[in-house]
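Undergrad: 3D, please:
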Amino acid sequence: MDLLPKNDIHRKIIHLDMDAFYASVEMRDNPELKNKALVIAHDPREYNGHGVIATANYLARQYGINSAMPAIEAVRKIPKDKLVFVTPNFDKYRHVSAQVHEIMHAVTDQVESVALDEAYMDVTNNKLGNFSAIELGCYMQERIYKELHLGASFGVSYNKFLAKMGSEYAKPFGRSVILPQEAVAFLADQPIKKFPGVGKKTQGTFKELGLQTGRDLQQLSVKKLTSLFGKFGYQLALHAHGIDFSPVKAQRKRKSIGRENTYLPVLFDQNEILRNLRNFAEVISKQLKEKKLQGKVVTIKVRTPDFVTKTKRQTLPKFTSDEQVIYQASYELLRQVDYQTAGIRLLGISVSQLESIRYAEINLGLFSTDW
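TA: All right, here's what the predicted structure looks like:
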């Protein structure tokens, strides 16, 4: 009999997925769209039948419309008086996505973004204290709803695969928890086509082999699945038994936030130089606060017309995002640089040794559980 590797159930993973994200943003910004079958795509009637659907709201999905379908399908399936196309506005969606990710990073920096509208989070250790993964998921879900007026669903489990299965299980505005002792039974009842990573081509192969549910996979040996599907078969065997060792791959932390400018003609006037320093400090302070960051090292960079670059840095007594503190430190550093004779061709400030602002003593006001 095949031996599966020993499972790892010690982690607490959240998969958070925005509900019909692009469509929800458009309905929030234009309430008149809420009772329409909204499709985010170029209107194929204006593009010679061309276009692909980015997403659709839940009313449009009732007509069988989903993302990645040809947009012309919406014209064929949805009554004309109900159908509305909205051209995607990805700049807006990226902006809202950044706001959602700020809320995630208030909980943990172990965030792996999959797309603008979804991410995995490892909350085995988190920033907020001794809260369960369920409480943390509810905290984020409710903040997103109250602050951004958008819906999100989340799944909680001990690995990424199951957390993703959970977030998809109860959409929209869903909350799902898959405990270690429930995982195998839960997966047994799930259609294989709902397993993340199983595409349409593979679904056809499963159908030919008479494999429909997780239970069917659980009854096959690892050797058999591997012989049928290679490496993917081995992964299927693990997933069917609730095993997934893949880590949450957090994006690298930003090392510094700065601002600089090149001047032609070069700067000599002291008041103008200080005015630029103050503007830089104001912009950096604003960016730090927006990203919920603070820094401890201020660096000034000065380049003269002969392209000689000089840098000075100061370590502050404590972390800060305060504009005045950043400006004062940069002013003191500027006084240590000899630039009066040649003038300044480039001037810049940066703040480094960054850390996230911690949210102490937050009362989430939710139920308590180990998960």
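Undergrad: quick one: the strands in the chain?
TA: 13-18, 37-40, 55-56, 83-86, 111-115, 118-122, 152-157, 175-177, 256-267, 293-303, 309-320, 344-352, 355-356 (DSSP state E).
Undergrad: residues in contact with stretch 270-279?
TA: Here stretch 270-279 makes contact (CB atoms under 8 Å, 6 or more residues apart in numbering) with Arg259, Asn261, Leu267, Tyr327, Ser330, Tyr331, Leu334, Ile344, Leu347, Ile349. C-beta coordinates here come from the backbone N, C-alpha and C atoms, glycine included.
Undergrad: could you do stretch 320-327 as well?
TA: By CB under 8 Å, 6+ apart, stretch 320-327 touches 277-278, 281-282, 284-286, 288-289, 293-296, 298, 316, 349, 351, 357.
Undergrad: same thing but 7 Å
TA: 277-278, 281-282, 284-285, 288-289, 293-295, 298, 316, 349, 351 (CB atoms under 7 Å, 6 or more residues apart in numbering).
Undergrad: would you mind measuring from Ile300 to Arg345?
TA: 14 Å (CB to CB, to the nearest Å).
Undergrad: err, Leu220, not the other one
TA: 69 Å.
Undergrad: ok, Arg313 next?
TA: Distance, Arg313 to Arg345, by CB to CB: 20 Å.
Undergrad: so which of these two has more stuff around it?
TA: Taking other CB atoms under 10 Å, Arg313 and Arg345 do not tie; Arg345 has more neighbours (20 against 14).
Undergrad: tally of neighbours for Asn89?
TA: 14.
Undergrad: give the contact list for Arg313.
TA: Val297, Val298, Thr299.
Undergrad: quick check: beta-bridge partners of the last one?
TA: With DSSP bridges applied, Thr299 shows beta-bridge pairing to Arg313, Ser350.
Undergrad: neighbours around it, how many?
TA: Thr299 has 19 neighbours, counted by other CB under 10 Å.
Undergrad: and the spatially closest residue to Glu102 that is not a sequence neighbour, how far from Ala98?
TA: Spatial nearest neighbour of Glu102, excluding adjacent residues (CB to CB, 6 or more residues apart in numbering): Lys292 at 6.1 Å. Separation of Lys292 from Ala98 (CB to CB) stands at 11 Å.
Undergrad: kindly report the same for Ala188.
TA: As judged by CB to CB, Ala188 and Ala98 stand 39 Å apart.
Undergrad: which of these two has more neighbours?
TA: Neighbour count, other CB under 10 Å: between Ala188 and Ala98, Ala188 has more, with 16 against 12.
Undergrad: now that one: how far from Glu73?
TA: Ala188 sits 33 Å away from Glu73, taking CB to CB as the criterion.
Undergrad: again with Asp306
TA: Relative to Glu73, Asp306 is positioned 64 Å away (CB to CB).
Undergrad: and the two? Which one has more around it.
TA: Glu73 (16 against 7).
Undergrad: what sits against the more buried one?
TA: Counted by CB under 7 Å, 6+ apart, Glu73 has contacts Ile65.
Undergrad: which pLDDT value goes with Lys291?
TA: Per-residue pLDDT puts Lys291 at 84.
Undergrad: ugh, wrong one, Lys200
TA: The predicted local confidence for Lys200 is 81.
Undergrad: which segments of the protein make up each domain?
TA: Per automatic domain parsing, the structural domains of the chain span 9-177, 179-250, 256-356.
Undergrad: can you give me the end-to-end span of the shortest one?
TA: Distances were taken as CA to CA, to the nearest Å; on that basis the terminal residues of domain 179-250 are 24 Å apart.
Undergrad: likewise for the longest one?
TA: Distance between the two ends of domain 9-177: 14 Å, counting by CA to CA.
Undergrad: got it, and stretch 336-354?
TA: 24 Å.
Undergrad: may I see the buried residues of it?
TA: Along stretch 336-354, these residues count as buried under the neighbour rule (16 or more other CB atoms under 10 Å): 337, 339, 343-352, 354.
Undergrad: give me the contact list for that stretch.
TA: Contacts for stretch 336-354 (CB under 7 Å, 6+ apart): 253-263, 266-268, 273, 276-277, 280-281, 284, 288, 293, 295-306, 310, 312, 326, 330.
Undergrad: can you rerun that using 6 Å?
TA: Stretch 336-354 is touched from outside by 256-258, 260, 262, 266-268, 276, 280, 284, 293, 295-305, 310, 312, 330, with contacts defined as CB atoms under 6 Å, 6 or more residues apart in numbering.
Undergrad: before we move on, back to that, ok, of the contacts of stretch 320-327, which one's closest to Phe232?
TA: Ranked by distance to Phe232 (CB to CB), the contacts of stretch 320-327 are led by Leu293 at 40.1 Å.
Undergrad: okay, Lys201 and Lys207: tell me how far apart.
TA: Computed as CB to CB, the Lys201 to Lys207 distance reads 11 Å.
Undergrad: please read the previous query as pertaining to Ser153.
TA: 28 Å.
Undergrad: next one: Val266
TA: Counting by CB to CB, the separation of Val266 from Lys207 is 72 Å.
Undergrad: this completes my enquiry, with thanks.
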